[in-house]
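Undergrad: Just a sequence and a predicted model for now, questions to come.
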Amino acid sequence: MIEILAAGAIFLIASLFVMLGLGGGLVFVPLLHWLGFDLKTAAIPLGLLLNGLNTFMALFPYGRSGLVEWRRGWTMGLAAAASAPFGVWVQGHTPSDGLLAAFACMVLIAAARASWVARPDKGPAAGDRGAASNPSMRTALELAVGMMVGFVGGLLGIGAGFLVAPVFIGLGLPPKRAAATTALIVTLCSFAGFAGYAARAQLPMMMTLSGAVAVLLASLVGPRLMIRKVKSRWIRQGYAAILILVATILIWEAFGGSFSI
């Protein structure tokens, strides 16, 4: 029964997050942790798997709609995939309490970013125009961001797409194209990170199957809503509200509190 309820929550979260090109790992991992699954051997690896499935399936409608910048996406995505195993290695040497604290920081950053850009984006900021117009600088920045995103993703079980999309927007991509291209980076980062955990992961079978079905369904619903109907401002407001709630609970845990579902 708990797996069915969790799958319902995962479906709603994944549907919302995929509209921003994100997989949902920022919420999947804490949710699985609160359900009692071990953080290192179950919650983080399963979070990465669900993250990658969600954005991978979303790439099909995004690609058919011509929203994905494939060349730029592969540049950053391959850099992320290369660095993700290093994040996995560091995770193995980091206490669970430290991982929860780092996760809370990432969620807060993502929530702050979402709140800050709740208004429509107006293109690259003045300081970013040089990189946007210089191909060499742009590629170097995309590689650097990809390496950072891959490390964070492997360490914490997230795709870190909330770090990617602002870079693409700053480099001149419209928000919808930035979100669709971010889905490619998140997919590569998530699957590379999951591969690094494969040898020591202990995935709960029923939760894995029900969660996978939930994100696959969400990956069919979310992109179509983003492409056709839902306003970007509404998506970001819901995304920010969920992240603020998750961050509040994680901080409570970091200061000695306890929470479970």
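TA: Yep, it's here.

Undergrad: can you give me the helices for this protein?
TA: Listed in chain order, the helices of the chain (DSSP state H) span 2-18, 25-34, 44-64, 70-91, 96-116, 129-133, 135-156, 161-170, 175-197, 205-228, 232-254.

Undergrad: least reliable of the ones you listed going by mean pLDDT?
TA: Here the lowest mean pLDDT among the helices of the chain goes to helix 129-133, at a mean of 55.

Undergrad: Including distance to residue 261 and mean neighbour count, could the helices of the chain go into a markdown table?
TA: Bear in mind the C-beta positions are built from the backbone N, C-alpha and C, glycine included. Output for the helices of the chain, formatted as a markdown table (distance: least, CB to CB, whole Å; neighbours: other CB atoms under 10 Å):
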| stretch | distance to residue 261 | mean neighbour count |
| --- | --- | --- |
| helix 2-18 | 8 | 21 |
| helix 25-34 | 5 | 26 |
| helix 44-64 | 15 | 25 |
| helix 70-91 | 23 | 20 |
| helix 96-116 | 16 | 18 |
| helix 129-133 | 43 | 15 |
| helix 135-156 | 20 | 20 |
| helix 161-170 | 24 | 24 |
| helix 175-197 | 23 | 27 |
| helix 205-228 | 12 | 19 |
| helix 232-254 | 10 | 18 |
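
Undergrad: With distance to residue 260 added, can I get these in JSON lines?
TA: What follows is these, written out as JSON lines (distance: least, CB to CB, whole Å):
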{"stretch": "helix 2-18", "distance to residue 260": "11"}
{"stretch": "helix 25-34", "distance to residue 260": "5"}
{"stretch": "helix 44-64", "distance to residue 260": "17"}
{"stretch": "helix 70-91", "distance to residue 260": "22"}
{"stretch": "helix 96-116", "distance to residue 260": "13"}
{"stretch": "helix 129-133", "distance to residue 260": "45"}
{"stretch": "helix 135-156", "distance to residue 260": "20"}
{"stretch": "helix 161-170", "distance to residue 260": "26"}
{"stretch": "helix 175-197", "distance to residue 260": "23"}
{"stretch": "helix 205-228", "distance to residue 260": "15"}
{"stretch": "helix 232-254", "distance to residue 260": "10"}
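
Undergrad: you'd agree residue 111 is up against residue 240?
TA: Yes. Taking CB atoms under 8 Å as the contact criterion, residue 111 and residue 240 are neighbours in contact, 5.3 Å apart.

Undergrad: Looks like residue 142 contacts residue 74 (just checking).
TA: No. Taking contacts as CB under 8 Å, residue 142 lies outside contact range of residue 74: 10.0 Å.
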